[in-house]
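Enquirer: only geometry, no sequence info:
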C-alpha cells in the first residue's frame, strides 16, 4: 500500500467538524495522514512546526494564517494547498507560486449557494415582494383579486455584471425562467458570451436597460466603486441593484442618497464596511434589504466545501491533476 502523504489542518479549529463531518473525515483520512485534533491557527507553535516540517498537503480554510516565506521554509516538503473555502488571496503570496506548490480552491462549490441566493432575490425583487409585505403589515388587508401593475418576472431584464464562477452559475440557474438575461464583463468577448447564451453589453448599456442588476465582479483596485453616483443615475426608476459580491464594488454614500429618493431598490448581502455601523441608514430605508453575508456557504452547505477538498485530496493521492487548481495569473482576476 502506498504511504499516505502527511497533511495538516490550517484554519479556525471550530470550522473543521462543519467542513468535515464524520463520513467526509473518514474519506480524507483514507488518502492522507492527518490528525483531526491538531488544527493550526498559528503555524509557529512548536507542535505545529514539528508536523509542518513533514507536511506535504495543507488543508486550509477560514482563519488560515498567511503562508509567508518563514512558514514555507518550515515546510520544505509542502507540495499542495487545498483550500476549503473560496478566495486564496488572503493567505497566499508570490512565494507559494515560486516554489511550485499546487493550490486548489473550493470556490466552485461555494458559488452554488451564492447563485441560489441571488436567483431567489431576483425573483422576489421581480414580484416586489418586500414592498408588498410591508404594505400588508401596515394595512392588514389587500385588494384581493386586483392585478398589480409593474410587477412580475415575465420578460424581466436581468443584468449580470461579471462572468465569475458565481456569475456563470447564476446564468445557468436563470435559464429555465422566463427572463431576459444580459452580461457585462470587460474580460469576455462576444463569442464567449454566445457560449454562455447571453448577449454582451457595456456596463452603461446594461445599467440603462435592465430592471435588475446583480454584481458578480471581483474586488480589485479597478472595480472599487464600480457602481457610483454616475452609474446609479443610469439605472431606470423602479430597478433593483443586488450585490452578493463585495461591498466595495458599490459607493455606499452614493447608493444611500439614491435610495433616499425612492427611485431604486437594493438587495445587499455584502456592504462596505462590513458589518455596517449600527447607525447606517441602510438598516432603515424601506427600499434597502440587507442580509448579514448569508449568500455564501452556511449551515449544512459548508460540508460541500469539505467534500470538494476531499475529492481533490483523492485525486492528489491517485496521482491525478487537481480539478480546481488556482494559478497565479488567474488569481489577479479573482475576488
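Expert: Received, thanks. Please read these numbers as outputs of a predicted model, since none were measured by experiment. Numbers count the residues shown, from 1 in each chain.

Enquirer: now the chain, which segments are flagged as low pLDDT?
Expert: 1-2, 330-335 (pLDDT under 70).

Enquirer: can you do 50?
Expert: Within the chain, the stretches with pLDDT under 50 are 1.

Enquirer: OK, contacts around residue 9?
Expert: Neighbouring residues of residue 9 by CB atoms under 8 Å, 6 or more residues apart in numbering: 16, 34, 36, 38, 39, 40, 59, 61. The C-beta positions use only the backbone N, C-alpha and C, and glycine is treated the same way.

Enquirer: burial measure for the fifth one, as a count.
Expert: In this case it means residue 39. Using other CB atoms under 10 Å, residue 39 has 19 other residues around it.

Enquirer: check the gap between it and residue 63 for me.
Expert: Using CB to CB, to the nearest Å, residue 39 is found at 9 Å from residue 63.

Enquirer: identify the contacts common to these two.
Expert: Contacts common to residue 39 and residue 63, judged by CB under 8 Å, 6+ apart, are 11, 12.

Enquirer: hmm, back to that, would you mind listing which of the contacts of residue 9 are buried?
Expert: For those, a burial check counting by 16 or more other CB atoms under 10 Å picks out 16, 34, 39, 40, 59, 61.

Enquirer: list the contacts for residue 209?
Expert: If a contact means CB under 8 Å, 6+ apart, then residue 209 has 157, 159, 182, 201, 236 as its contacts.

Enquirer: picking up where we left off before, narrow the buried ones among the contacts of residue 9 to those in helices?
Expert: Counting by DSSP state H, the buried ones among the contacts of residue 9 place residue 16 in helices.

Enquirer: now, the most widely separated pair of the buried ones among the contacts of residue 9?
Expert: Spanning the widest gap among these are 34 and 61, at 13.3 Å by CB to CB.

Enquirer: and residue 71, helix, strand or coil?
Expert: Under DSSP: H, G, I helix; E, B strand; the rest coil, the three-state class of residue 71 is helix.

Enquirer: go on, residue 267?
Expert: Applying three-state DSSP: residue 267 is strand.

Enquirer: what sits opposite it in the beta ladder?
Expert: Beta bridges link residue 267 to residue 242, residue 289, judged by DSSP bridges.

Enquirer: what about it, neighbour count?
Expert: Residue 267: 25 neighbours (other CB under 10 Å).

Enquirer: could I get the contacts of residue 9 as TSV with distance to residue 288?
Expert: Shown next, in TSV, are the contacts of residue 9 (distance: CB to CB, whole Å):
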residue	distance to residue 288
16	36
34	45
36	42
38	44
39	38
40	40
59	39
61	32
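
Enquirer: what are the ranges of the strands in the stretch 201-335 of the chain?
Expert: Using DSSP state E, counting those that start in this stretch, the strands of the stretch 201-335 of the chain run over residues 212-215, 240-243, 265-268, 288-290.

Enquirer: if you could redo that for the stretch 1-150 of the chain, that was the one I meant.
Expert: Counting by DSSP E, counting those that start in this stretch, one finds strands in the stretch 1-150 of the chain at the ranges 7-10, 39-40, 57-60, 80-83, 102-105.

Enquirer: run the chain-centre distance for the first one.
Expert: Centroid displacement of strand 7-10 relative to its chain, using CA atoms, centre = their mean, to the nearest Å, is 23 Å.

Enquirer: that strand: partners in the sheet, and parallel or antiparallel?
Expert: With DSSP bridges as the test, strand 7-10 is paired with strand 39-40 (parallel), strand 57-60 (parallel).

Enquirer: residue 89: which of those is closest?
Expert: With CB to CB, the closest approach to residue 89 among the strands paired with strand 7-10 belongs to strand 57-60: 12.4 Å.

Enquirer: ok so residue 183 is a strand residue?
Expert: Yes. Per three-state DSSP, residue 183 lies within a strand segment.

Enquirer: around it, how many other residues sit close by?
Expert: Neighbours around residue 183, by other CB under 10 Å: 24.

Enquirer: right, and it touches residue 201 too?
Expert: Yes. The pair residue 183 and residue 201 qualifies as a contact (CB atoms under 8 Å) at a distance of 7.0 Å.

Enquirer: what do those two both touch?
Expert: Counting by CB under 8 Å, 6+ apart, the contacts common to residue 183 and residue 201 are residue 159.

Enquirer: let me see the residues that make contact with stretch 213-227.
Expert: For stretch 213-227, contacts defined as CB under 8 Å, 6+ apart pick out 118, 121-122, 158-164, 166-167, 170, 185, 203, 206-207, 235, 239-246, 248-251, 254-255, 332-335.

Enquirer: switch to 7 Å and redo it
Expert: The contact list for stretch 213-227 (CB atoms under 7 Å, 6 or more residues apart in numbering) reads 118, 122, 158-162, 164, 166-167, 170, 206-207, 235, 239, 241-243, 245-246, 248-251, 333-335.

Enquirer: wait, isn't residue 59 in contact with residue 82?
Expert: Yes. Using CB atoms under 7 Å, residue 59 is in contact with residue 82, at 5.4 Å.
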